[in-house]
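> Whatever this is, show me its structure:
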Amino acid sequence: MIIHLPYGNSEQVWDAPERAKILTSGVDRLKSSADGREIVRDAAEHPIGSPRLRELAAGKKTCTVIISDHTRPVPSRDILPVMLEELRAGNPDIDITLLAATGCHRLTTAEELKNKVGEEIASKERIVVHNCQKNNVEIGTLPSGAPLVIDRLAAETDLLVSEGFIEPHFFAGFSGGRKSVLPGVCDRVTVLGNHCSMFIDSPCARTGVLQGNPIHRDMVAAARMAKLAFIVNVVIDEKKKTVAAFAGDFEQAHLKGTELLREYCAVKAVPADISVTTNGGAPLDQNIYQCVKSMTAAEATTRPGGVIILCAECADGTGGEGFYRSLRDCESVEGLYDRFMQTPQNKTIPDQWESQILARILKAHPVIMITNPKLETTVKEMKMRYAATVEEAFETACSLVGAEPDVTVIPNGIAVIVEA
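Okay, the predicted model is just below:
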């Protein structure tokens, strides 16, 4: 059975055992005769729970539009032209700033911004890249007790709106909506408080779960306090093409999007001895940090002690120095996990959440990474195994679990919600 596994901007092709079970998102069943921009424009003209963006712009002097950063495949070229048209239709003189929501990621480069938004918008619009350590202001306290410190451009604008896309998220439930504010344009202190070990450990902090999710609760509160007035969020297919759009109130429009996405993304777990997954290719598999997301999808369908195989190019390396060092320097993943669980909210360290989730996975499963050969030593230092090909990884996995294993393949681990 030939399976195509996304790998950077290419793919790895694997002749899998015929008995392998495949878990895939059904988002590709969402079809439209319209192009992406037309889909977005229709949503903007029929907002959910809100007046049109042009009405909100009337009488406002300034507007900050939160846009996605280089780690997200948001089709900004579909979304931003429509948002800018709407804003200026309601107020030709409104002063617009595009604010790239980097959260605690590295700063987005000018070239990455141009590739994302297109040369015309990049050259004509004012674009500022959020810095989680500079130019931020405290505006309140979150339900968790963490201070809400956000980018001054978001806090002091007359109108705050955002673009984004909705996909399953491994601890926030879903991306999009309120996430543009937290973590998108928040100070490091706020992100650390929201991503504390107690919240990450919650059984409700899982893919596709919003109800009872303490991380989601803080994020919604942050968006309300920041006065996020309007969103335009899209759903994309496996080729990263816009197939649906939701505009309007950040809670109501986002919820409608998650309800649609759940219909197509929810799959039943198929217990396996070996699970094979990917992070969906570039840009989402650009580093090991981001690839923990797809490991959680495999985690949800792999038996205790079973092997997880991850195929990801990781052209950008580890994606976080603290993340890398915590795994490299620990004596055991069990000890690392216990140390995180003893860390109070106000002592959370950068990238702790990613290290904690990876440690949780590694406590129960050997992980084999098929990745950039330059990362072989790094992968091993992070308590995982390296393989050059899918065939090599599968052979190693079989040596660990025995012959004729049950195999589950998740070709895009971030596109599915694996339910028990």
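> which non-adjacent residue is nearest Ala89?
Leaving out its chain neighbours, the residue that sits closest to Ala89 by CB to CB, 6 or more residues apart in numbering is Arg54, at 4.5 Å. (Each C-beta comes from the backbone N, C-alpha and C, glycine too.)
> contacting residues around the one you found?
Glu86, Leu87, Ala89, Gly90, Asn91 (CB atoms under 8 Å, 6 or more residues apart in numbering).
> Would you mind checking those residues for buried ones?
Glu86, Leu87, Gly90, Asn91 (16 or more other CB atoms under 10 Å).
> Is the second one within a helix or a strand, and which one?
Leu87 is part of helix 76-90, with elements assigned from DSSP states H and E.
> buried stuff in that helix?
Ser76, Arg77, Asp78, Ile79, Leu80, Pro81, Val82, Met83, Leu84, Glu86, Leu87, Gly90.
> for stretch 331-340, same thing?
Val333, Leu336, Tyr337, Arg339, Phe340.
> Tabulate those residues (a markdown table), appending secondary structure, pLDDT and distance to Leu153.
Output for the buried residues of stretch 331-340, formatted as a markdown table (DSSP: H, G, I helix; E, B strand; the rest coil; pLDDT from 0 to 100; distance: CB to CB, whole Å):
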| residue | secondary structure | pLDDT | distance to Leu153 |
| --- | --- | --- | --- |
| Val333 | helix | 98 | 40 |
| Leu336 | helix | 98 | 37 |
| Tyr337 | helix | 98 | 38 |
| Arg339 | helix | 97 | 37 |
| Phe340 | helix | 97 | 33 |
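> hang on, the earlier thing: for the buried residues of helix 76-90, work out which two are farthest apart.
Arg77 and Gly90 (22.0 Å; CB to CB).
> re earlier: which element follows the helix holding Leu87 toward the C-terminus?
Next helix or strand after helix 76-90 toward the C-terminus (DSSP H and E): strand 95-101.
> Give me the angle between that next one and helix 76-90.
Interaxial angle, strand 95-101 versus helix 76-90 (axes from the mean of the first three to the mean of the last three CA atoms, to 10 degrees): 150 degrees.
> Strand 95-101 pairs with which strands?
For strand 95-101, the pairing partners within the sheet under DSSP bridges are strand 62-68 (parallel), strand 126-129 (parallel).
> May I see those strands arranged in JSON lines, with mean neighbour count, mean pLDDT and distance to Ile139 as well?
Output for the strands paired with strand 95-101, formatted as JSON lines (neighbours: other CB atoms under 10 Å; pLDDT from 0 to 100; distance: least, CB to CB, whole Å):
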{"stretch": "strand 62-68", "mean neighbour count": "25", "mean pLDDT": "97", "distance to Ile139": "14"}
{"stretch": "strand 126-129", "mean neighbour count": "16", "mean pLDDT": "97", "distance to Ile139": "18"}
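> Of the ones you listed, which is nearest Thr301?
strand 62-68 (28.9 Å).
> which residues are contacting the closest one?
Residues from elsewhere that reach strand 62-68 (CB under 8 Å, 6+ apart): 57, 74, 76, 80, 83-84, 87, 94-101, 116-117, 127, 153-154, 157-165, 180-181, 184-185.
> Any of those buried? List them.
Buried members of the contacts of strand 62-68, counted by 16+ other CB under 10 Å: 57, 74, 76, 80, 83-84, 87, 94, 96-101, 116-117, 127, 153-154, 157-165, 180-181, 184-185.
> just to revisit the earlier point, where does the residue nearest to Ala89 land in three-state SS?
helix (DSSP: H, G, I helix; E, B strand; the rest coil).
> ranges for the helices of the stretch 151-300 of the chain?
For the stretch 151-300 of the chain, the helices defined by DSSP state H, counting those that start in this stretch cover 152-155, 188-194, 197-201, 214-225, 252-265, 288-299.
> list the buried ones in the fifth one?
Applying a neighbour-count criterion of 16+ other CB under 10 Å, the buried positions in helix 252-265 are Gln252, Ala253, His254, Leu255, Lys256, Gly257, Thr258, Leu260, Leu261, Tyr264, Cys265.
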